[in-house]
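Participant: Provided below are the primary sequence and the corresponding predicted coordinates.
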Amino acid sequence: MRMPGFTLTRRFRSLRWRLTFLYLGLLSMLLLVLGVGQYFAAREVLYRSSADVTINEYQAVLTAFRREVASRAASPRAELQQLAQELKSRRISAAIFDLNGVPLVLAPATLGAREDIPYLPLADYLNAIHQKPQAYYLAQAGNPPSTHLVVLNPVRIGARAIGLAQLSIPTDEIDQTLRVDRQLAIGLSLVVLLLALLLSPLIVGRALRPLDQMSRTARAIAAGDYSQRVSVADTADEIGELGTAFNKMAAGVDAAFEVRRASEDRMRQFVADASHELRTPLTSIAGYIDVLGRRQEVDPATLQSSLASMQVESARMTRLVNDLLTLTRFESGKAPSRRPLPLDAWLNETLDELHLREQGASETRTIEPGIVVEADPEALKQVVSNLAENALKYAPGSELRWSLFREDGRAAIRLVDTGPGIPRSDLPHVFERFYRGEKARDRSAGGSGLGLAIARSIVEAHQGTIDAESEPGKGATFTAWLPLPRA
């Protein structure tokens, strides 16, 4: 029994949920990085803006102070004390330092009297006096301590520096703005993550739907339904390419099993036909033996007749077995032993050995010289012999016209007879094993039905083809085509 926890764990280990969690993790990291970056960017902008406002206020007060100082004579300390009082406001506290960084005048903000003036390290004051101050500084002041934004500006009367003005404001308003911004960013990020959590499984599931279909189709193919295919979307992405490749693979599997089924059907038919063909001579031999065994005495004439008949049936069975072995050898894919073969001399020699005229056939030859192919001469001799034997059986007494020529890069050995021809219904089957036409059902004349099948197997083993053409009453034409060697 499968436990619910195991099923749930297995479900979350699926590719859909792994992609969903990976997407959520990447989105969380991206939101975190963007949020942190946005927070510090906003913080910098707010600090710089507040510093610019403070500097502008300082410039305005300093301009008025310079005009006022130019119209009266006063000690530098008194002038700096007056400047500090003019610089402070409701939120801005001011302090004046001498050129050595020592505080001279302190003017707390009007609303911040309880607050102390923030102090920076001495090095910051000296750098601001002698070099250039930073845009702003941050310092702690007060009890409890709070953060202040500090701006330093050298005080110059003409070209002479007489001190250093420090303006500072508390950053509580800026911090409040940043706090709201931070809370808003966190809230929006959580909303985005929640929506992503709800929508990601649907989006990823829709993207992976072709994979689910492929899985179901693969299970159906494994169960024996080789016609199953997946519907491939018209896309150029990896899923579309995978679907196309899957369909090609399924088509290849279907074709392979179809070839296997056809091969098995042919094998069953072959075994059945071979058994049928072998049964006849075996039955005849068994019949003669049974007849001889039933008799008490067998006269010499009957014995000789029975032995002669058994010898005929035995020879017939031997020829059939040899033909089956030959057919199996060439159909098994075993390549013939080839060598350069001049077809003109070879064909003349082969036809001379057949003695066709002595078997009642008139013969003519039209042989083109100089044609050479790569072939097994003994195997090709069986092709010519089988074609001649077929013509002698089915077109006895007809004229046999042999020709050798080349055409379209191939060599052709052609036999044309002037016999009764082949019926149209039989013509597509003449090269099939154990096939006999209607006029050749009698085994005494029709043979085993393997001659033309053997001829086709031999020619195809040489990467050639063989075909038959015929019109009823106008004879038949058989042509064996062999490839010529490339130059």
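Facilitator: Yep, that arrived.

Participant: In stretch 44-54, which residues are buried?
Facilitator: The neighbour-count check on stretch 44-54 (16 or more other C-beta atoms under 10 Å) flags 46, 47, 50, 51, 54 as buried. Using the backbone N, CA and C atoms, a C-beta is placed for each residue, glycine as well.

Participant: Walking through the protein, point out its strands one by one.
Facilitator: Taking DSSP state E as the test, the strands found in the chain are 93-97, 103-107, 137-141, 146-157, 160-170, 339-342, 362-367, 372-375, 399-407, 410-417, 465-470, 476-483.

Participant: Test my guess that residue 165 contacts residue 85.
Facilitator: No: Residue 165 is not in contact with residue 85 according to C-beta atoms under 8 Å; the separation is 11.9 Å.

Participant: Those two: who's more crowded?
Facilitator: residue 165 (22 against 11; other C-beta atoms under 10 Å).

Participant: quick one, what contacts the more buried one?
Facilitator: 58, 62, 83, 84, 87, 94, 95, 96, 152, 153, 154, 155 (C-beta atoms under 8 Å, 6 or more residues apart in numbering).

Participant: Going by distance to residue 21, which of those residues wins?
Facilitator: residue 152 (51.5 Å; C-beta to C-beta).

Participant: can you count the residues close to the residue nearest to residue 336 when sequence neighbours are not counted?
Facilitator: Excluding its sequence neighbours, the residue lying closest to residue 336 (C-beta to C-beta, 6 or more residues apart in numbering) is residue 376, at 3.7 Å. Residues lying near residue 376 (other C-beta under 10 Å) number 18.

Participant: Any chance of the backbone angles for residue 376?
Facilitator: In terms of degrees, to the nearest 10, the main-chain angles of residue 376 are phi -90, psi 110.

Participant: Roughly how far does it sit from residue 463?
Facilitator: Here the criterion is C-beta to C-beta, to the nearest Å. By it, residue 376 lies 12 Å from residue 463.

Participant: Also residue 224?
Facilitator: Between residue 224 and residue 463 the computed distance is 36 Å (C-beta to C-beta).

Participant: These two: which has the busier surroundings?
Facilitator: Taking other C-beta under 10 Å, residue 224 and residue 463 do not tie; residue 463 has more neighbours (11 against 7).

Participant: Identify the residues contacting that one.
Facilitator: Applying C-beta under 8 Å, 6+ apart, we find residue 463 in contact with residue 483.

Participant: contacting residues for the residue positioned nearest the centre of the chain?
Facilitator: By C-alpha atoms, centre = their mean, the chain has its centre lying nearest to residue 242, at 4.8 Å. For residue 242, the contacting residues are 210, 211, 214, by C-beta under 8 Å, 6+ apart.

Participant: Excluding chain neighbours, what is closest to residue 359?
Facilitator: residue 392 (5.8 Å).

Participant: So, low pLDDT: which residues of the stretch 301-450 of the chain?
Facilitator: Across the stretch 301-450 of the chain, the ranges flagged by pLDDT under 70 are 323, 326-335, 435-449.

Participant: repeat that with 90
Facilitator: 301-339, 353-363, 375-379, 381-382, 385-386, 389-399, 408-409, 418-450 (pLDDT under 90).

Participant: so what's residue 285 up against?
Facilitator: 310, 313, 314.

Participant: ok, back up a step: count the residues that sit near the residue nearest to residue 359.
Facilitator: Residue 392, neighbours per other C-beta under 10 Å, totals 19.

Participant: so what's it up against?
Facilitator: By C-beta under 8 Å, 6+ apart, the neighbours of residue 392 are 356, 359, 360, 361.

Participant: Mind picking the two most distant members of those?
Facilitator: 356 and 360 (8.5 Å).

Participant: Looking at those two, which has the bigger crowd around it?
Facilitator: With neighbours defined as other C-beta under 10 Å, residue 356 and residue 360 compare such that residue 356 has more, 17 against 10.

Participant: ok, and the closest non-adjacent residue to that one?
Facilitator: residue 363 (5.0 Å).

Participant: Count residues in the vicinity of that neighbour, would you?
Facilitator: Neighbourhood size, residue 363 [other C-beta under 10 Å]: 15.

Participant: again, but for the one 4 residues further on
Facilitator: Around residue 367 there are 16 other residues, counting by other C-beta under 10 Å.

Participant: what's near enough to touch it?
Facilitator: Contacts of residue 367 (C-beta under 8 Å, 6+ apart): 343, 344, 347, 348, 402, 403, 404.

Participant: Could I have the buried ones of those residues as ChimeraX selection syntax?
Facilitator: Buried members of the contacts of residue 367, defined by 16+ other C-beta under 10 Å, are picked up in ChimeraX with:
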select :343,347,402,403,404
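
Participant: ok so, going back, need the residues touching each of residue 165 and residue 85.
Facilitator: Common neighbours of residue 165 and residue 85 (C-beta under 8 Å, 6+ apart) are residue 94.
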